[in-house]
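S.K.: Curious how this folds, go ahead:
(one chain, ligands or ions: 1)
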Amino acid sequence: MAVDLLLGLQWGDEGKGKIVDVLTSKYNIIARFQGGPNAGHTLVFNGMKHVLHTIPSGIFHEDAINLVGNGVVIDPVIFKKELDKLAEQHVDYKKSLYISRKAHIILPTHRLLDAASETAKGKAKIGSTLKGIGPTYMDKTGRNGIRVGDLELADWKEKYRALANKHEAMINFYNVEIQYDLKELENEFFEAVKVLKSLKLIDSEEYIFQAQKDGKTILAEGAQGSLLDIDFGTYPFVTSSNTTAAGACTGLGVAPNKIGDVFGIFKAYTTRVGSGPFPTELFDKDGETMAKVGHEFGATTGRPRRCGWLDLVALKYACQVNGVTQLMMMKADVLSGFKTLKVCTAYKYKGETITHLPYNIEPENVEPIYTDFKGWAADLTEMSEASQMPDELNAYIAFLEKELETPITIVSVGPDRKQTIFR
Ligand code: IMP
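M.R.: Residues are numbered from 1 along each chain as shown. Next comes the predicted model:
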């Protein structure tokens with residue numbers, strides 16, 4: 001069976017967790033392939049809100065296996081907290097959660113290094129979630145990392161000590177004020193490692209291979225968004241993994257010719273958290289309304305998200321890089337009440353009008369060119385059928401489908417599982 005992918009097409013926070021949760025009943029296995037606890041996937045059902053960071057969004061469905069793939073970086077401390085929350089809700093994760101032995105471990109000193117690096121950057125800081133993501137992927141590609149499988153070896157603590165010592169020297173090199181008590185952090189870390197080791201640790205690429213052979217249905221769940229991809233995103237204001245479709249191949253061991261559908265998730269407008277260019281960003285009342293109505297605060301850090309109009313130039317680019325086969329539009333309900341909606345269809349770039357994403361989209365290089373659409377007044381949050389959608393929303397969708405040459409198969413009109421319109 002082919003593996004379907006689900007990815008964010010903007011700067012993250014598109015609502016991927018909700019759609020994975022909605023689609024899970026169609027899949028035997030849900031697999032995360034990159035990122036780590038920098039992600040915050042929010043799921044709402046039965047009047048309860050759940051936020052997952054590293055654990056795949058299929059965990060609340062009894063019959064699904066949830067795999068944390070080799071491309072993910074795991075902080076045992078945060079992972080344990082997630083498990084504790086699941087246990088409180090009587091989720092039997094022991095039987096449904098598998099972890100790749102090849103996934104890398106975030107050490108307490110990785111988090112400290114993240115903080116030191118960001119502090120040293122001053123105004124040029126990335127706006128990292130400070131979860132140690134960058135330093136952990138640096139150790140992975142630098143061939144110094146500690147993997148889940150290492151935890152099963154007798155000498156892993158020696159390897160840990162050597163790496164932690166090196167990190168401490170690097171923190172000192174940054175020469176910035178960072179307060180920490182490593183002993184305390186390590187006690188918590190070693191306790192959490194014991195819990196991680198008690199889970200089902202597997203050779204995940206073999207598991208995925210056999211599952212495909214056995215005809216099992218697999219959904220690969222992306223984290224962050226395509227514009228935060230280490231190669232194709234707005235570098236250096238990106239995360240440290242491949243958030244695009246290719247990341248599922250390297251982060252799970254899925255062969256490129258075994259990829260089936262690619263579900264691209266996007267918001268009906270755009271948000272970004274952290275630093276970096278954002279051509280359609282709004283600094284006016286409209287932006288404030290989006291932030292307020294859309295509750296645009298980070299699920300991991302609580303930081304306010306920057307808001308702006310939909311950027312079709314960037315969205316087209318993300319569809320291209322990922323080979324998106326179906327689009328899913330989130331938070332359409334947030335746009336109710338706007339008299340006029342704007343969609344950026346081109347950029348003014350060095351005196352020319354262009355419709356592709358150029359190398360540099362800093363505000364001094366790029367000015368968005370907008371097409372206006374009539375807004376709708378109707379509250380969408382109670383709607384469950386496509387036939388109930390207002391004409392203006394249908395016109396907005398029809399335009400996007402034509403421009404992106406891809407069907408929009410789901411329109412989400414609220415955070416709850418039930419607030420989902422299939423088209
Ligand atoms: P890091 O991955 O925590 O180092 O953060 C790098 C950049 O990616 C920062 O701008 C973060 O705000 C952003 N980022 C990381 N993870 C997420 C996410 O899950 N949603 C939205 N933005 C994210």
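
S.K.: what's around the closest residue to the ligand within the chain, how many residues?
M.R.: Nearest residue of the chain to the ligand, counting by CB to the nearest ligand atom: residue 274, 2.2 Å away. Just so you know, the C-beta spots here come from the backbone N, C-alpha and C atoms, and that holds for glycine as well. Neighbours of residue 274 under the rule other CB atoms under 10 Å: 21.

S.K.: Same check on residue 358?
M.R.: The burial count for residue 358: 13, using other CB under 10 Å.

S.K.: now swap in residue 309 and tell me
M.R.: Neighbours around residue 309, by other CB under 10 Å: 23.

S.K.: Check whether stretch 105-116 comes close enough to the ligand to count as a contact.
M.R.: No - shown here: stretch 105-116 not in contact with the ligand (CB under 6 Å from any ligand atom), separated by at least 6.7 Å.

S.K.: Pull the distance from that stretch to the chain's centre.
M.R.: 20 Å (CA atoms, centre = their mean, to the nearest Å).

S.K.: same check, this time on stretch 46-54
M.R.: Chain-centre distance of stretch 46-54: 15 Å, with CA atoms, centre = their mean.

S.K.: Pull the contacting residues for residue 170.
M.R.: 113, 116 (CB atoms under 8 Å, 6 or more residues apart in numbering).

S.K.: Just say helix, strand or coil for it.
M.R.: helix (DSSP: H, G, I helix; E, B strand; the rest coil).

S.K.: same thing with residue 371?
M.R.: What three-state DSSP gives for residue 371 is strand.

S.K.: Get me the contact residues on the stretch 151-300 of the chain for the ligand.
M.R.: That would be 223, 224, 228, 237, 239, 273, 274, which are the residues of the stretch 151-300 of the chain within reach of the ligand (CB under 6 Å from any ligand atom).

S.K.: returning to that earlier point: any idea how far the nearest residue to the residue of the chain closest to the ligand once chain neighbours are set aside lies from residue 38?
M.R.: Spatially, and ignoring its direct neighbours in sequence, residue 274 is nearest to residue 127 (2.8 Å; CB to CB, 6 or more residues apart in numbering). In this view, residue 127 and residue 38 are 11 Å apart by CB to CB, to the nearest Å.

S.K.: out of those two, which sits in the more crowded spot?
M.R.: residue 38 (29 against 15).

S.K.: The more buried one contacts residue 134, correct?
M.R.: No - if you go by CB atoms under 8 Å, residue 38 and residue 134 don't touch, sitting 9.4 Å apart.

S.K.: hey, what's in contact with both of the two?
M.R.: Common neighbours of residue 38 and residue 134 (CB under 8 Å, 6+ apart) are 128, 239.

S.K.: for the residues of the stretch 151-300 of the chain next to the ligand, which one is nearest residue 152?
M.R.: residue 223 (25.8 Å; CB to CB).

S.K.: Quick one: distance of stretch 8-16 to the chain centre.
M.R.: Distance of stretch 8-16 from its chain centroid, counting by CA atoms, centre = their mean, is 6 Å.

S.K.: ok, now stretch 376-386?
M.R.: 27 Å.

S.K.: Then stretch 416-423?
M.R.: 20 Å.
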